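In: The following comprises the amino acid sequence and a computationally predicted model.
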Amino acid sequence: MREETVKTDITLVGGGLSGVCAAISAARLGQTVALVHNRPVLGGNASSEVRVWVCGATAHGINRYARETGIMGELFVENQYQNPDGNPYIWDLVVLEAVKKETNIQLFLNTDVHEVEAEGGEDDRRIVSVTGWMMGSERSIRYESEVFLDCTGDGLIGFLAGAKYRIGREARSEFGEAWAPEAADEITLGSTILFYTKDVGHPVKYHPPSFAKDITTTSIPIKRVIRSGDSGCHYWWIEWGGELDTVHENERIRDELWSVIYGIWDYIKNSGNFEAQNMTLEWVGALPGKREYRRFEGDYILNQNDILAQTPFEDRVAFGGWSIDLHPPQGMYASESGSKHWHADGVYHIPFRSLYSVNVRNMLMAGRNISASHVAFGTTRVMATCAVMGEAAGAGAALCAQKGLTPRELYRGHMAELQQVLLRQDASLLGVANCDERDLARSAAVTASTTLASLGVERAVEPRVLLDDVAVLFPVEPWLDGFELLVDAAERTTLRVELWDTRRAENYVPGRFVAAVEVSVPAGEGQWAACPLTWQPETPQNAFVIVRANPAVTVYHADAPQTGAIAFVKGTPPVVSKDLEHHEPEQPVVLWSMKKGIDRKPICFRAVGRTDAYAAAHVTDGYLRPYGTMHVWLSEPMEAGREEWLELRWDQAQRVREIQVTFNDNVHEDLINLHAFRTQQEVMPELVRDYRLEAWVDGAWYTLRRVEGNRKRTRRLVLDAAVETERLRLVVEATNGSPCAEVVEIRAYA
């Protein structure tokens, strides 16, 4: 046996998406990282070994402007370009390549950590080292660091170190959670194995193995949705083990899941109830995808009330938006629906205090083992949310290593610094503004070649009869002088139009009623119905304009999006049967969810008056995502061959060495890593494609860098030598399809 010792600033165990993002985050901040994973591929439940779709704050399109940015956002966008068909093996490569690009990361695959050396008393522990066995190489590797991250999911590292943890459901009385049971118990969510099918174009026989379960003797054919063309995560409900110990009885759970999968396929192929003659079973997973096990206790335990209240923690470092999604303990054999969902009115915030151990002073955690109650865990457990927590924990670990601090000390004395570091990384942090004193752009005057000063969508291509209420959401900055809607009217009628605010800057649902008008519409086609709705909110925010159902009226969808304008249709049917998923009634984000197919088809309207929603000053206003208003600069539509530019100008020359630009990649649009759906484009049209950065030197513009074919959101230019200049300019030559140049932020550093 070969024994080795690896010394790095940070040791991170667990190579799922939380671990991957944590490792990249820490490495980019200059720390050396040992990333240790017990499987041959990275990605955890998202990998080709398990193949779960990466879900997150968008909640499959329910939440607006909620797609993750930062490292998880990079992975989404890169996968969209490289892997539009959702091949799980290409996704593996996207994740692996992201890690291998970071020279500060040492990657150890196939290495199972099973020993932890820790010291101290029960309430003040410290990890000294962890030791793993690299399978297939006969190497025993000891990892020594000042800071450790447990991203194992099951929480093995913290458990072996003596970290305080919980398993199961808390009593309702502990946090006052409506969805918690009256008495605490050890019930968890179960595990799932997925399978893929394929139509091979000719008849295929299927002989089930002897251990295949006859599912007609169970409630599955009655209580669950089975279709011959479905595969992958359409069968997320093949779940079992919630009443068992999902770790120690992992093998038993796997065997039961296998028996059901092969039984379901027997039912599909041989019952005669399905058109499946040419279908074959292409792939069956060998690893149960675990949902829940240990949850560590941190300085704060996130709970259901925080999720639904969208508590704006002062130490927020990430956000989520998936519903509180809990499943019955009996899993696939339960008589009730396979899951129940309770959505907040928008995204919620995650505090840094939930990402480090309450009693192991040098351990942080990210993923499904964070400090959360069982009910809150029902939403934080999804992988894109785990990933953004990983980025935050990785950044926190890096600062701890740099400063010689514990995570608790970092929280108490350097929380603002951590948040600013995350913002500079374009992490998924909402409602916190850039106040980096080193950012020279904040003191510059910003001008632009042109700015889009009107807000409206006029190119009508697709009619919609008003059988249901529809809505239009758009930013109001600084005021609204009126609202016009393109309509056809089959007869003279009255149209009711209501103006609502969204109550919170992070929400995109009707919050508080502002005003309503009854508009008389004569019979006729192609009319712009004038609705005298005026509004001057105290701060820039979104208007939610509801047009009530009227079968005599037809409105129109456009065939191209307008940044900032969203269409909604009330009461869009759920994606799956209500027998499979139960949603708490009257949830605004469900009632006003965005129907697939209209995400890039806003309803034709005009906001009367000039708007400042796309002003050049937004690129230095501190916000990297929509929050109340859009926080983005849009030029006027670019005519053929015309360039658009943004300019930073200082009163005196500045020494500039680094420039950071964040382009708009439309975080409104939902993306997925595997085959749930295919996006219309491989590169976001809103992204700037060709651009150059210029500095004013000796009375002329000098090109610092020219880029063609850009498809990334955030780009950083570090010059070989600093330039002395009073003016910097970003010149946009072309976009990836948007008619306007769109820029979210510009930073400059010495």
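Out: Noted; the coordinates are in hand.
In: Residues in a beta bridge with residue 445, which ones?
Out: Residue 445 has these beta-bridge partners by DSSP bridges: residue 649.
In: roughly how far apart are it and residue 650?
Out: Separation of residue 445 from residue 650 (C-beta to C-beta, to the nearest Å) stands at 8 Å. Quick note: C-beta positions are derived from backbone N, CA and C, even for glycine.
In: Could you do residue 173 as well?
Out: From residue 173 over to residue 650 the distance is 59 Å, taken as C-beta to C-beta.
In: quick one on the thing from earlier: more neighbours: which of residue 445 and residue 650?
Out: Set residue 445 next to residue 650 and count neighbours by other C-beta atoms under 10 Å: residue 650 wins out with 17 against 13.
In: so the more buried one makes contact with residue 440?
Out: Yes: with contact defined as C-beta atoms under 8 Å, residue 650 counts as touching residue 440 (7.5 Å).
In: Let me know how buried residue 376 is, in neighbour terms.
Out: For residue 376, using other C-beta under 10 Å, the count is 30.
In: now residue 171
Out: Here the number of neighbours of residue 171 (other C-beta under 10 Å) works out to 13.
In: Not counting sequence-adjacent ones, nearest residue to residue 145?
Out: The spatial neighbour of residue 145 that comes closest, neighbours along the chain excluded (C-beta to C-beta, 6 or more residues apart in numbering), is residue 11 at 4.2 Å.
In: pLDDT score assigned to the one you found?
Out: The model reports residue 11 with a pLDDT of 98.
In: Quick check: it touching residue 143?
Out: Yes: contact criterion C-beta under 8 Å: residue 11 and residue 143 qualify, at 4.3 Å.
In: what do these two both touch?
Out: 34, 36, 130 (C-beta atoms under 8 Å, 6 or more residues apart in numbering).
In: and which of these is nearest residue 339?
Out: Proximity of the shared contacts of residue 11 and residue 143 to residue 339 (C-beta to C-beta) peaks at residue 36, which lies at 32.8 Å.
In: Quickly list what that closest one is bridged to.
Out: Bridge pairing for residue 36 - DSSP bridges - gives residue 13, residue 108.
In: Not counting stretch 166-173 itself, show me its contacts.
Out: 177-178, 180-188, 293-295, 297, 373-375.
In: need the helices for the protein, in chain order.
Out: 17-28, 70-82, 88-100, 156-161, 172-175, 220-223, 250-270, 304-309, 374-380, 383-403, 407-424, 588-591 (DSSP state H).
In: and those helices as TSV, adding mean pLDDT and distance to residue 725?
Out: Below are these laid out as TSV (pLDDT from 0 to 100; distance: least, C-beta to C-beta, whole Å):
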stretch	mean pLDDT	distance to residue 725
helix 17-28	98	27
helix 70-82	97	30
helix 88-100	98	34
helix 156-161	98	49
helix 172-175	98	55
helix 220-223	92	68
helix 250-270	98	61
helix 304-309	98	47
helix 374-380	98	45
helix 383-403	98	31
helix 407-424	98	22
helix 588-591	90	47
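In: which of those sits most buried?
Out: helix 17-28 (a mean of 31; mean count of other C-beta atoms under 10 Å).
In: list the buried ones in stretch 331-349?
Out: For stretch 331-349, burial by neighbour count (16 or more other C-beta atoms under 10 Å) applies to 331-334, 337-349.
In: that older thread, neighbour count: residue 11 and residue 143, which is higher?
Out: Neighbour totals were compared for residue 11 and residue 143, and residue 11 leads with 29 against 25 (other C-beta under 10 Å).
In: Could you count how many residues lie near residue 717?
Out: Residue 717 has 15 neighbouring residues, counting by other C-beta under 10 Å.
In: That one reaches residue 694, doesn't it?
Out: No: with contact defined as C-beta under 8 Å, residue 717 and residue 694 do not form a contacting pair (11.4 Å).
In: what is in contact with those two at once?
Out: Residues touching both residue 717 and residue 694 (C-beta under 8 Å, 6+ apart) are residue 704.
In: Am I right that residue 462 is in contact with residue 555?
Out: No: counting by C-beta under 8 Å, residue 555 is not a contact partner of residue 462; they are 9.7 Å apart.
In: Show me which of the two is the more surrounded one.
Out: Neighbour totals were compared for residue 462 and residue 555, and residue 555 leads with 24 against 14 (other C-beta under 10 Å).
In: so which of the shared contacts of residue 11 and residue 143 comes closest to residue 307?
Out: So of the shared contacts of residue 11 and residue 143, ranked by how close each gets to residue 307 (C-beta to C-beta), first place is residue 36, at 31.5 Å.
In: Okay, residue 489 and residue 549: tell me how far apart.
Out: 14 Å.
In: Mind checking which of these two has more residues around it?
Out: Neighbours per residue, other C-beta under 10 Å: of residue 489 and residue 549, the larger number sits with residue 489, 19 against 16.
In: got the contact list for residue 422?
Out: Residues near residue 422 by C-beta under 8 Å, 6+ apart: 70, 317, 391, 392, 395, 429.
In: could those be laid out in JSON lines, adding distance to residue 361?
Out: Shown next, in JSON lines, are the contacts of residue 422 (distance: C-beta to C-beta, whole Å):
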{"residue": "70", "distance to residue 361": "27"}
{"residue": "317", "distance to residue 361": "19"}
{"residue": "391", "distance to residue 361": "22"}
{"residue": "392", "distance to residue 361": "19"}
{"residue": "395", "distance to residue 361": "18"}
{"residue": "429", "distance to residue 361": "25"}
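In: for the protein, what's the longest strand?
Out: For the chain, the strand with the greatest residue count under DSSP state E is strand 714-735.
In: What mean pLDDT does that one get?
Out: Mean predicted lDDT for strand 714-735 stands at 97.
In: circling back to that earlier point, the contacts of stretch 166-173 in strands, which ones?
Out: residue 295.
In: which of the contacts of stretch 166-173 count as buried?
Out: Of those, these count as buried by 16+ other C-beta under 10 Å: 177, 180, 184, 187, 188, 293, 294, 295, 297, 373, 374, 375.
In: So the third one versus residue 641, what's the distance?
Out: Computed with C-beta to C-beta, the distance linking residue 184 and residue 641 is 68 Å.
In: Please apply the same query to the fourth one.
Out: Distance of residue 187 to residue 641, given as C-beta to C-beta: 65 Å.
In: From the buried ones among the contacts of stretch 166-173, pick the one nearest residue 205.
Out: Proximity of the buried ones among the contacts of stretch 166-173 to residue 205 (C-beta to C-beta) peaks at residue 188, which lies at 38.7 Å.
In: ok, now which ones touch that closest one?
Out: Here residue 188 is in contact with 167, 168, 169, 241, 242, 246, 291, 292, 293, 374 (criterion: C-beta under 8 Å, 6+ apart).
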